[in-house]
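Asker: how would this look folded up:
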Amino acid sequence: MFSIRTFLLTILASSSLCAQSLTQLVNALPHIDGKQSYLASPFATTGDRLYLVGHQNGQFPDLGWHITGEMGGIWAHPIKLLDGFIVSVDGQDLTNAASFRNFPMANQHRYQTKNLEILRTQFVPDGLAGCVIEFEIENKSKQTQYIPFVFQAKSDLRPTWLGERTNMIDQEDHAEFINDQWVFKDAKNPWFAILGASEKGIPGAAPIPFNSIGKGIAKSINYSLSIPVGEKKILQFYIAGSATSKAQALNTYGELQKNTEKLFQQKWGRVNALAQKSKINIPDKNIQEAYTWLQYNTDGLTRDVPGIGRGISAGLPDYPWWFGVDSEYALQGAIAIGQKDLTLNSIQLIHKLSQKTNKNGRVVHEVSTNGAVYNPGNLNETAQFASLVWKVFRWTGDKKMLKTYFPSIQKGLHWLVTDNDQDHNCLPDGSGMMEIQGLHSEMIDVASYTQKALQDAAEMAQVLGENRLAKTYMAKASQLKQQINTQFWNDDFRSYADFRSQDRAALELIKQAIVRADTLQKPWAVAELKQTEKYIQANPSDQARPFVVHHNWVVNTPMEMGLADSEKAIKALETANKYTNPFGLFVTGIDRDASAGSDAGSYKAPKIFTYTGAVMTLPTGVMAVAENNYGRPDQALNYIQKLTRSFSYALPGSMYEVSPDFGMMTQAWNVFGFAVPIVEQFFGIQPRADLHEITIAPRMPSSWKEAHIENVEIGDNRISVYYLQGQTPRVTQTKNWIIILK
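Answerer: Here you go, the predicted structure:
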């Protein structure tokens, strides 16, 4: 990997006589090439203010389901700017790239014609609602080429998801060519998109077929190019937008046109610096590469929307906004890899949106980029917010942050364990991670995360001098831990239960599950469910009790939180392994297929996407953390290796939400499954920045004889850990803090 110094020296050496093209600039960056078989699948070019989503073959098809067919194209939230663009060179439409290459902050498509090789490179700078698209056209023939070149864009100035809730009503777009730029405007809203180029062209209508839904309009800029033998022609196009004014869009356009190289250098300097934090050198180079690119991806999911806030979004293309739970997993990884600013900004945003929406400590689930709240929050999110704040405090030592959020955490815990506990047994009632219709009784994940939240809140109260409150919270946490280990455990299944409920509710859920399993042709699941149904009917109870029905991944949350009794934990972890395939853990165990329990076998993608039968990255990452909690790093490594099989499977440099190639092409919580088990567990870094104290307790996989991690940011300290099997780890630091070796 290039260092910042190496990159800048390369740029300075090569730019002493002339400015660098984007093509030259990206050549100094690490890259991963895509697969021919996935050229007709999505990619993204990301920035904090704007992103571009299309296909690796260079096309911009209608894609996505949150707003049907509208989740691709160019977005500057809370509005969309363009459905995309299409180019024709020498009469040939560039619709099928020969190859695709991904860089940490840019990407490139290569096209081949009879006489030309064409590279299309795109880049989105920091802090600007704009992007740069460059075409490098090389004459590969033996004579000068005189060619027409057409760049055609189609506007689609429309609101984000739930726009109607904030009076964002889409109207027809209009366009006019002013000062060598196409200016697109929504008829009745101050929404603008600007398109121009590095050279003057001739404005035109829409000569290239480009069909897409929406109320947009297509316009082109046309050129007649002359390219001598063996030479190259560079054309850059600039797209900028604004949801508030034409002047703002024009200012952004001017920045892009004048300062492309400077903006590129600034962004790469920042992004590459992030990758130097918590930098690992481990025996498994596939995992190491995935870990590094997840650092890039995490930064690339930053969404900054004026007037709303800045924070990590969930995933692209269909979840480009903010979630409570996605953030609560992702930011655990983000803080461990040194992305402190993104972590603190995201917590601040989720807290602000939750306060505005709920006012009782409840944490929101899903919020669009216009501020419209879709779901005010599931129970687990309020609990997990408390634990996230405590973890971030341990990494930063920021007592002011703790004081800011603790009052809301107190309210949220009251809402959880009082307002949502109908039978007053300390087990909250309501939906957690599993969004299954009818599944909203006493859920295992809600119970587990609530227990951890109470425990962490006790620690927070103690730091803040609230000793009586600390004792109250700790007593409730101890009680809940005991209840989880007794009232949720089902020894017949060697597993914690999906939920606790009265028989009637359980029988109804079993009935639905039988239909699901039968429809999916899972005879073993149907037989198991019918056996459970018969047992309940033959042995009725008027008390709530634990039921294993779906074998949902959340049955493993007691091990993720480290609250399971060791004997039960080992049994449950072994049971969970039966519900894995080569890529990870099934979300819902009754959906498992013939690949379950094996690391072998071929993969064949279903024809139609569905979350049913899905193997997802989050449950798999949870299993890595859970295994480590019980002294099983080899098993944890196995789960991380499963995760890594999805890395670059479809989109080079990225990992899909659903393994290996379904759902979101990039997903925020993926960093959780790498950073937490590697940084906090394998290297054993457990910080208490407020005490200027760090515990180092490595628990390495047996196959990792030597490993090190450098530049781990803890408060204002930086530490590095060098591990050699059989020896005491060597630790260096920039401050003189207490290091406790275990």
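Asker: could you pull out the strands for the stretch 301-450 of the chain?
Answerer: 302-305, 309-312, 315-316, 322-323, 366-367, 373-375, 442-443 (DSSP state E, counting those that start in this stretch).
Asker: counting contacts, what elements does the second one pack onto?
Answerer: Think strand 309-312. Counting contacts by 3 or more CB pairs under 8 Å, 6 or more residues apart in numbering; DSSP states H and E, strand 309-312 is packed against strand 302-305, helix 324-336, helix 340-357. Every C-beta, even on glycine, is put in place using the N, C-alpha and C of the backbone.
Asker: contacts only, for the nearest residue to residue 141 once chain neighbours are set aside.
Answerer: Nearest non-adjacent residue to residue 141, counting by CB to CB, 6 or more residues apart in numbering: residue 115, 3.9 Å away. Residues counted as contacts of residue 115 (CB atoms under 8 Å, 6 or more residues apart in numbering) are 90, 139, 140, 141, 145.
Asker: just residue 396 next, same as before
Answerer: Contact partners of residue 396, counting by CB under 8 Å, 6+ apart, are 335, 340, 344, 689, 715.
Asker: cool, residue 696 as well?
Answerer: Neighbours of residue 696 in contact, by CB under 8 Å, 6+ apart: 683, 684, 685, 686, 721, 729, 731, 739, 740, 741, 742.
Asker: helix, strand or coil: sort out the fourth one for me.
Answerer: To tie it back to what came earlier, the one meant is residue 686. Assigned with DSSP: H, G, I helix; E, B strand; the rest coil, residue 686 falls in the strand class.
Asker: can you get me a residue count around it?
Answerer: Residue 686 has 15 neighbouring residues, counting by other CB atoms under 10 Å.
Asker: just the second one next, same as before
Answerer: Here the neighbour count serves as a burial measure; for residue 684 (other CB under 10 Å) it reads 20.
Asker: one more: the fifth one?
Answerer: One way to gauge burial is a neighbour count; for residue 721, by other CB under 10 Å, it gives 25.
Asker: that's a strand at it, yeah?
Answerer: Yes: counting by three-state DSSP, residue 721 is located in a strand.
Asker: that one against residue 697, yeah?
Answerer: No: Residue 721 is not in contact with residue 697 according to CB atoms under 8 Å; the separation is 10.5 Å.
Asker: overlap in contacts of those two?
Answerer: Here residue 721 and residue 697 share the contacting residues residue 684, scored by CB under 8 Å, 6+ apart.
Asker: surely residue 728 is in a helix?
Answerer: No: the assignment for residue 728, made by three-state DSSP, is coil rather than a helix.
Asker: wait, it touches residue 741, no?
Answerer: Yes: look at residue 728 against residue 741 with CB under 8 Å: they come within range, at 6.3 Å.
Asker: which one's the longest strand in this protein?
Answerer: In the chain, with assignment by DSSP state E, the single longest strand is strand 145-159.
Asker: pull up the pairing partners for whichever helix or strand comes after it, direction included.
Answerer: Moving toward the C-terminus from strand 145-159, the next helix or strand (DSSP states H and E) is strand 173-178. Partners of strand 173-178 in the sheet, by DSSP bridges, are strand 181-186 (antiparallel).
Asker: I'd like the average pLDDT over the strand it pairs with.
Answerer: Across strand 181-186, the average pLDDT comes to 98.
Asker: what is the neighbour count of residue 497?
Answerer: 24.
Asker: residues contacting it?
Answerer: 444, 488, 489, 490, 546, 547, 548, 555.
Asker: repeat that for residue 530.
Answerer: Contact partners of residue 530, counting by CB under 8 Å, 6+ apart, are residue 514.
Asker: and residue 365, by the same measure?
Answerer: Neighbouring residues of residue 365 by CB under 8 Å, 6+ apart: 323, 324, 325, 374, 375, 376, 377, 378, 381.
Asker: find the nearest non-adjacent residue to it, please.
Answerer: residue 375 (3.7 Å).
Asker: can you pull the contacts of that neighbour?
Answerer: Residue 375 neighbours (CB under 8 Å, 6+ apart): 364, 365, 366.
Asker: please report how far it lies from residue 325.
Answerer: Distance from residue 375 to residue 325, counting by CB to CB, to the nearest Å: 10 Å.
Asker: now do residue 519
Answerer: In terms of CB to CB, residue 519 sits 28 Å off from residue 325.
Asker: kindly report the same for residue 453.
Answerer: 13 Å.
Asker: same deal with residue 70?
Answerer: For residue 70, the distance to residue 325 - CB to CB - is 25 Å.
Asker: likewise residue 492?
Answerer: From residue 492 to residue 325 the distance is 31 Å (CB to CB).
Asker: which of those two has more neighbours?
Answerer: Neighbours were counted for residue 492 and for residue 325 using other CB under 10 Å; residue 325 has more, 24 against 8.
Asker: quick one, which of residue 728 and residue 741 is more surrounded?
Answerer: More neighbours surround residue 741 than the other of residue 728 and residue 741, with 14 against 10 (other CB under 10 Å).
Asker: beta-bridge partners for that one, please?
Answerer: Under the criterion used (DSSP bridges), residue 741 bridges to residue 696.
Asker: show me what contacts it?
Answerer: Contacts for residue 741 (CB under 8 Å, 6+ apart) come out as 696, 697, 728, 729, 731.
Asker: the same query, at a cut-off of 7 Å, please.
Answerer: By CB atoms under 7 Å, 6 or more residues apart in numbering, residue 741 lies in contact with 696, 728, 729.
Asker: now the last one: how far from residue 147?
Answerer: Computed with CB to CB, the distance linking residue 729 and residue 147 is 62 Å.
Asker: now do the first one
Answerer: Residue 696 sits 62 Å away from residue 147 when distances are taken as CB to CB.
Asker: wait, residue 676 sits on residue 625?
Answerer: Yes: counting by CB atoms under 7 Å, residue 676 touches residue 625, with 5.5 Å between them.
Asker: next, residue 124: phi, psi?
Answerer: Main-chain dihedrals, residue 124, degrees, to the nearest 10: phi -120, psi 120.
Asker: chain neighbours aside, what residue packs nearest to it?
Answerer: residue 47 is the one closest to residue 124 (CB to CB, 6+ apart), at 3.2 Å.
Asker: which one is the residue of the chain positioned farthest from its centre nearest to, not counting chain neighbours?
Answerer: Relative to the centre of the chain, and counting by CA atoms, centre = their mean, the farthest-placed residue is residue 143 at 48.6 Å. In space, and not counting its chain neighbours, residue 143 is closest to residue 229: 6.2 Å by CB to CB, 6+ apart.
Asker: dump the residue contacts of that neighbour.
Answerer: Contacts of residue 229 by CB under 7 Å, 6+ apart are 139, 141, 142, 143, 144.
Asker: in strands only, show me the residues you listed.
Answerer: Filtering the contacts of residue 229 for strands - DSSP E - leaves residue 139.
Asker: shouldn't the residue nearest to residue 124 be in contact with residue 123?
Answerer: No: with contact defined as CB under 7 Å, residue 47 does not reach residue 123; the gap is 8.5 Å.
Asker: thinking again about what came up before, name whatever forms a beta bridge with the residue nearest to residue 365.
Answerer: Assigned bridge partners for residue 375, using DSSP bridges, are residue 366.
Asker: name the element the residue nearest to residue 143 belongs to?
Answerer: Counting by DSSP H and E, residue 229 is part of no helix or strand.
Asker: dihedrals phi and psi, it?
Answerer: phi -60, psi 130.
Asker: so what's the most centrally placed residue in the chain up against?
Answerer: A centroid search over the chain (CA atoms, centre = their mean) returns residue 668, at 1.4 Å, as the residue closest to the centre. Residues in contact with residue 668 (CB under 7 Å, 6+ apart) are 298, 301, 312, 313, 314, 315, 326, 330.
Asker: and what of residue 408?
Answerer: Contacts of residue 408 by CB under 7 Å, 6+ apart are 351, 355, 361.
Asker: per-residue pLDDT, the second one?
Answerer: Meaning residue 355. The predicted local confidence for residue 355 is 97.
Asker: state the distance from it to residue 130.
Answerer: Taking CB to CB, one finds residue 355 at 32 Å from residue 130.
Asker: neighbour-wise, which of those two wins?
Answerer: residue 130 (29 against 16).
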